[in-house]
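# no sequence on this one, just coordinates:
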């Protein structure tokens, strides 16, 4: 069931995305939404890519979503699953799927957010099938 | 000479090397330039426009202009990855039509094999790349990104690994006749689906080759083409588009070809049914399948059925494609396949493809490039080409 996991490299933290990574350290997934047009975008930016307003705000996501697609990277020292997960909030984000049987995964399956520590002490949002909870 | 056009492809050259241990990149660039100019009947002294990618040595095209002794009035280093050279054809036509240059040289060269590089593994594009931290830690190698598009296509449309395999099978049937091809053995659907899984659902034989080398194109104004003879090929239409993750609202079953294709066909006043031959960018089998659908050779979701049973094999199927063996079997110089797509389309229109794969009376052809990754962001470019008398 649980495989050996790869080492996660650090994200690139900068003044525009720091709140996202600080929240991840606290095991919270936050997203950016525009207070002008109301739409959420991903990855988080200081200017809304939908209406180009600078009025954007952070909010906490549900952490729940479904697998849009995935691929098991077999040809790696430690095989891993890359995926796109569509969140309840509507956006689709790149991630890894963890705590799962690689061969039992399916597109459309419900997943929930988990966090994995990176080499330098940051944390990375990853997802696991809800059934595994 | 019925169809009008603003510029012609007068010369093409594909470097014969597939592993360049004894040559520098500038040397390969100069060799392919000389090859394409000789093919056109021109010399370096005739070139006044230079088009290159952003991975050329130096700042833009300046160092290579100096190395080759070019005297330029126009330059363009538009970068869309492996499709750059298809974009450059379109941009060269525009520059010629605008009177900015008369003889445009387009080059590509690289030596990933000699330098021991593979495409496997995350690529570091630098700290200011805005999406970097949201992608690189998750391990996007090239193959697993294309694999995610294939996985979604299978989920939505029931596409199978066996159908994808037919694309490699067709490429291998063509490559057997190309003595320079990296992979010359004819493979079967079983060979492809039984090759090692790299990133589900893509097997080793769903992937293109890694090769050194390069190529060049010479695009000229109509008055120059007239003096060079009937081996010049018309550029009848061009389209380009960038597709990206659209702030987290995207699908992975379409590529930018859905935009670049209709623009190119409209400019040419032609349709997919008019094409006698197609060069389709083939970094992976799924790249071909989605592109064929997006360009309108079949309906979205029907690509699997379209490519099956040898439909892409010259002399067998309805749409002969990549008759040099493509990136899947022949050559994918510097991990960038757009250049060789244009070159083989020109060979077909001149009647200079290998006799075993030459499309009889090939009059109209398409070449399409897909650069970057179809599961993140990529540049698509389509050109419609016509024989001199088209």
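Ah, there it is. A quick note: this is a predicted structure, and the numbers were derived from the prediction, not measured. Numbers count the residues shown, from 1 in each chain, chains lettered A, B, ... in the order given.
# residue ranges for the strands of chain B, please.
B:8-14, B:49-51, B:74-76, B:103-110, B:197-199, B:202-203, B:213-220, B:233-243, B:277-280, B:364-372, B:378-386 (DSSP state E).
# how far away from the center of its chain is the top strand by length along chain A?
If you go by DSSP E, chain A has its longest strand at strand A:64-73. In this view, strand A:64-73 has its centroid 11 Å away from the chain centroid, taken as CA atoms, centre = their mean, to the nearest Å.
# again with stretch B:159-166
Relative to its parent chain, stretch B:159-166 has a centroid offset of 22 Å by CA atoms, centre = their mean.
# for residue A:80, list the residues it contacts.
With contacts defined as CB atoms under 8 Å, 6 or more residues apart in numbering or on different chains, residue A:80 is in contact with A:5, A:6, A:72, A:73, A:96, B:139. C-betas here are computed from N, CA, C, even on glycine.
# report the two of these separated the most.
Spanning the widest gap among the contacts of residue A:80 are A:5 and A:72, at 13.5 Å by CB to CB.
# need the contact partners of stretch B:150-166.
The contact list for stretch B:150-166, computed with CB under 8 Å, 6+ apart, reads A:68-71, A:107-108, B:189, B:191-193, B:200-203, B:205-206, B:251-253, B:284-286, B:289-290, B:300-305, B:307-312.
# any of the residues you listed buried? List them.
By neighbour count, with 16 or more other CB atoms under 10 Å in any protein chain shown, those hold A:68-71, A:107, B:189, B:191-193, B:200-203, B:205-206, B:252-253, B:284-286, B:289-290, B:303-304, B:307-308, B:311-312 as buried.
# what parts of chain B come near chain A?
Proximity of chain B to chain A, by CB under 8 Å from any CB of the partner chain, involves residues B:120, B:122, B:127, B:129-141, B:143-145, B:147-149, B:151-152, B:155, B:196-202, B:245, B:247-250, B:252, B:375-376.
# now do stretch B:3-20: distance to the chain's middle.
With CA atoms, centre = their mean as the basis, stretch B:3-20 stands 12 Å off its chain's centre.
# can you count the residues close to residue 59?
Here I'm looking at chain A. Counted with other CB atoms under 10 Å in any protein chain shown, the neighbours of residue A:59 add up to 10.
# my question was about chain B
Neighbours of residue B:59 (other CB under 10 Å): 9.
# can you pull the pLDDT of it?
We note a pLDDT of 93 for residue B:59 in this prediction.
# what segments of chain A are strands?
A:30-34, A:40-41, A:56-60, A:64-73, A:80-87, A:92-97, A:110-117, A:123-129.
# make JSON lines from those and add mean pLDDT to it.
Compiled in JSON lines, the strands of chain A are given as follows (pLDDT from 0 to 100):
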{"stretch": "strand A:30-34", "mean pLDDT": "97"}
{"stretch": "strand A:40-41", "mean pLDDT": "98"}
{"stretch": "strand A:56-60", "mean pLDDT": "97"}
{"stretch": "strand A:64-73", "mean pLDDT": "98"}
{"stretch": "strand A:80-87", "mean pLDDT": "98"}
{"stretch": "strand A:92-97", "mean pLDDT": "98"}
{"stretch": "strand A:110-117", "mean pLDDT": "98"}
{"stretch": "strand A:123-129", "mean pLDDT": "98"}
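# out of those, nearest to residue A:11?
Of all those, strand A:123-129 comes closest under CB to CB, at 6.8 Å.
# centroid-nearest residue for chain B?
The centroid of chain B falls nearest to residue B:338 when counting by CA atoms, centre = their mean (2.2 Å).
# give the contact list for that one.
Taking CB under 8 Å, 6+ apart, we find residue B:338 in contact with B:82, B:83, B:84, B:85, B:86, B:87, B:108, B:281, B:367, B:369, B:371, B:381.
# same check on residue B:177?
Contact analysis of residue B:177 by CB under 8 Å, 6+ apart lists B:354, B:356, B:357.
# how much space separates residue B:84 from residue B:239?
From residue B:84 over to residue B:239 the distance is 15 Å, taken as CB to CB, to the nearest Å.
# no no, residue A:63
Separation of residue A:63 from residue B:239 (CB to CB): 41 Å.
# so between the two, which is more surrounded?
Using other CB under 10 Å as the criterion, residue A:63 and residue B:239 rank with residue B:239 on top: 26 against 18.
# neighbours around the residue lying closest to that one once chain neighbours are set aside, how many?
Spatially, and ignoring its direct neighbours in sequence, residue B:239 is nearest to residue B:263 (2.9 Å; CB to CB, 6 or more residues apart in numbering or on different chains). Neighbour count for residue B:263, taken as other CB under 10 Å: 17.
# could you do residue B:88 as well?
Using other CB under 10 Å, residue B:88 has 33 other residues around it.
# many thanks, I have nothing further to ask.
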